[in-house]
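Enquirer: Everything below, folded, please.
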Amino acid sequence: MGSKRRGLLVWIVIGAIGIAGIGIMSPVLLRMPEPPDERSSNTTDGANNTKIEKTAIHISSVRSAFPFVDRWVAQYNNAQARAIVTVSYLDQASTGLDELALIDSGGIANNDKNKSYYVPVSAQANAIVYNVPGFPDIPSGLRLDADTLFLILNGSITRWNDPAIEMLNKDLNLPNEKLSVVHERVNNGSLDVITRSLSSNFTWPIDSIKASGPDEIATIVRKTPYSIGYTDFSYAIQTKMTYAALETNSGQYVVPSTDSISEAAETGLDLRNATDLDPTILPPVINASKLGNSSYPLVGLYYIVLDSNTVNYTGVSQTDNTTDNVRRDATLDFVRWIISDEGQQTLSEVGYPALYRDNVPLRTYADKIIIHSYNATAQGGSTQLVG
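Expert: The predicted model follows:
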């Protein structure tokens, strides 16, 4: 997209399914668009007949978050907003020195933690999806514990009627059929959430089926009898897939849902001190060992990343009319909208809970990072988080 501009670029590293009514993600939707027009566009505020200048910004998102990122962009662009946003979807994304980013749980390791600040924007949950003809439909007729899931994914369990699966599913008529494991070619944030829950890394079976992304995993599993894989929960419900119930810390079996993901985000969140914004400190994460009894276990976070060179903690306005400040102002307006009540409500359309609802410590943490950056633009004054 040309040379870098300080604080001008938004990257969103999440990815997934799409606009309401679209099942599997179309390759056309994932085609990398041309860079947005650098010129600002004008719209009219009907309330006072004044012109609102909109600045074009571009976002890059990991593909697993496609269902709600696409909604965020569409809804924000239709509002009386400060920016016009375009988006690309990638398997992985990393931030440059002067870029703003949004990434998944696995993306933290791919970014420079000494120069970046991470603001959670959504939970990230992985559904274990499968296709066994004759099994009950959504949500699940299958139960799996961590040990059995590990043995399935590494190829040690090769048939659906393996004794380990039968012991957990005595009420199911498990077929004597070969089990096919489907996974992404690139080990990304979705796999990171799974491996943290299983407390062990593993290698894929030699005969596993490799997919190019979460959309292709969903397509392959839906079309391949006796297959099993994983995908972002928002994909699973958008495409009406069948997914497993997983064992919790207390021995319960829980399917991914708005409630079980919300409990995981509430009970498992390790939130760093909101007054300590040292970027070398671990950002907020979901601690699998702290999950509540009814928490779905495969839960992480999606983050927006603000580069430390973009964030000005002095709160002093720079030159009012610089291009950098105008674009940063527009970029942060979109970020603030994402974590506002309106942006968070959008998550319910894909089955995710509003991460910031009634979470004062998390909102305080986000306020410390975003507000200081926002106040460094030409806006000046004291700005509060929307919602």
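
Enquirer: ok, how many other residues are close to Ile339?
Expert: Number of residues near Ile339 (other CB atoms under 10 Å) recorded here: 25. C-betas here are computed from N, CA, C, even on glycine.

Enquirer: same question, the one 4 residues further on
Expert: The tally of other residues near Gly343 (other CB under 10 Å) stands at 24.

Enquirer: got it, and Ile237?
Expert: Counted with other CB under 10 Å, Ile237 comes out at 22.

Enquirer: ok, now Ala211?
Expert: Neighbour tally, Ala211, other CB under 10 Å: 20.

Enquirer: likewise Asp91?
Expert: 17.

Enquirer: In space, what's closest to it - neighbours in sequence excluded?
Expert: Among residues not flanking Asp91 along the chain, Val186 sits closest, at 4.8 Å (CB to CB, 6 or more residues apart in numbering).

Enquirer: Can I take it that Val119 is in a helix?
Expert: No: with DSSP: H, G, I helix; E, B strand; the rest coil as the criterion, Val119 is strand rather than part of a helix.

Enquirer: Which residues does Tyr302 form beta bridges with?
Expert: When bridges are called by DSSP bridges, Tyr302 pairs up with Ser122.

Enquirer: re earlier: relative to Asp367, how far out is the residue nearest to Asp91?
Expert: To Asp367, Val186 is 34 Å away according to CB to CB, to the nearest Å.

Enquirer: neighbour count winner among these two?
Expert: Asp367 (18 against 15).

Enquirer: could you give the mean pLDDT of the helix or strand hosting that one?
Expert: Asp367 belongs to helix 360-375 when assigned by DSSP states H and E. Taken as a whole, helix 360-375 carries a mean pLDDT of 76.

Enquirer: Over to stretch 186-202?
Expert: Mean predicted confidence for stretch 186-202 is 79.

Enquirer: ok, and for it, which residues are buried?
Expert: Buried residues in stretch 186-202, counting neighbours by 16 or more other CB atoms under 10 Å, are found at 188-198, 202.

Enquirer: For those residues, give me TSV that also has secondary structure and distance to Leu102.
Expert: Output for the buried residues of stretch 186-202, formatted as TSV (DSSP: H, G, I helix; E, B strand; the rest coil; distance: CB to CB, whole Å):
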residue	secondary structure	distance to Leu102
Asn188	coil	14
Gly189	helix	12
Ser190	helix	15
Leu191	helix	19
Asp192	helix	16
Val193	helix	16
Ile194	helix	21
Thr195	helix	22
Arg196	helix	20
Ser197	helix	23
Leu198	helix	26
Phe202	coil	28
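
Enquirer: and of the residues you listed, the nearest to Val335?
Expert: When the buried residues of stretch 186-202 are compared for distance to Val335 (CB to CB), Gly189 wins out at 19.4 Å.

Enquirer: can you pull the contacts of the closest one?
Expert: With contact set as CB atoms under 8 Å, 6 or more residues apart in numbering, Gly189 has these partners: 13, 62, 64, 103-107, 124, 300.

Enquirer: quick one: it from Val255, how far?
Expert: For Gly189, the distance to Val255 equals 21 Å [CB to CB].

Enquirer: how about the helices in the stretch 51-200 of the chain?
Expert: 66-78, 146-153, 163-168, 189-198 (DSSP state H, counting those that start in this stretch).

Enquirer: cool, and the stretch 201-350 of the chain?
Expert: Taking DSSP H, counting those that start in this stretch to define them, one finds helices in the stretch 201-350 of the chain at 214-223, 233-238, 258-267, 323-338, 341-345.

Enquirer: Against which helices or strands is the second one packed?
Expert: If you count contacts as 3 or more CB pairs under 8 Å, 6 or more residues apart in numbering; DSSP states H and E, helix 233-238 packs onto helix 66-78, strand 116-131, helix 214-223.

Enquirer: out of these, which comes closest to Asn154?
Expert: Taking CB to CB, strand 116-131 is the member of the helices and strands packed on helix 233-238 nearest to Asn154, at 14.2 Å.

Enquirer: by how many degrees do the closest one and helix 214-223 diverge?
Expert: Going by axes from the mean of the first three to the mean of the last three CA atoms, to 10 degrees, strand 116-131 is angled at 10 degrees with respect to helix 214-223.

Enquirer: then strand 116-131 to CSV, C-alphas only?
Expert: Extracted in CSV, the C-alpha atoms of strand 116-131 (Å, rounded to 0.1, in the frame of the first residue of the first chain):
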residue,chain,number,x,y,z
SER,A,116,2.8,-2.4,20.9
TYR,A,117,-0.2,-2.0,23.2
TYR,A,118,-3.0,-4.5,23.0
VAL,A,119,-6.7,-3.7,23.6
PRO,A,120,-9.1,-6.7,23.6
VAL,A,121,-12.1,-6.1,21.3
SER,A,122,-13.8,-9.6,21.3
ALA,A,123,-13.7,-13.0,22.7
GLN,A,124,-12.2,-15.7,20.4
ALA,A,125,-13.7,-19.2,20.7
ASN,A,126,-13.0,-22.3,18.6
ALA,A,127,-15.7,-24.8,17.9
ILE,A,128,-14.7,-28.5,17.3
VAL,A,129,-16.8,-29.2,14.2
TYR,A,130,-17.6,-32.6,12.8
ASN,A,131,-19.6,-34.4,10.2
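
Enquirer: and it, which residues are buried?
Expert: 116-131.

Enquirer: Tell me, how many residues neighbour Asn78?
Expert: Asn78: 8 neighbours (other CB under 10 Å).

Enquirer: Apologies, that question was intended for Asp137.
Expert: For Asp137, using other CB under 10 Å, the count is 9.

Enquirer: cool, and the one 4 residues further on?
Expert: Here the neighbour count serves as a burial measure; for Gly141 (other CB under 10 Å) it reads 17.

Enquirer: residues in contact with the closest residue to it other than its chain neighbours?
Expert: Using CB to CB, 6+ apart and skipping the chain neighbours, the partner closest in space to Gly141 is Phe135 (4.7 Å). Taking CB under 8 Å, 6+ apart, we find Phe135 in contact with 141-142, 172, 242.
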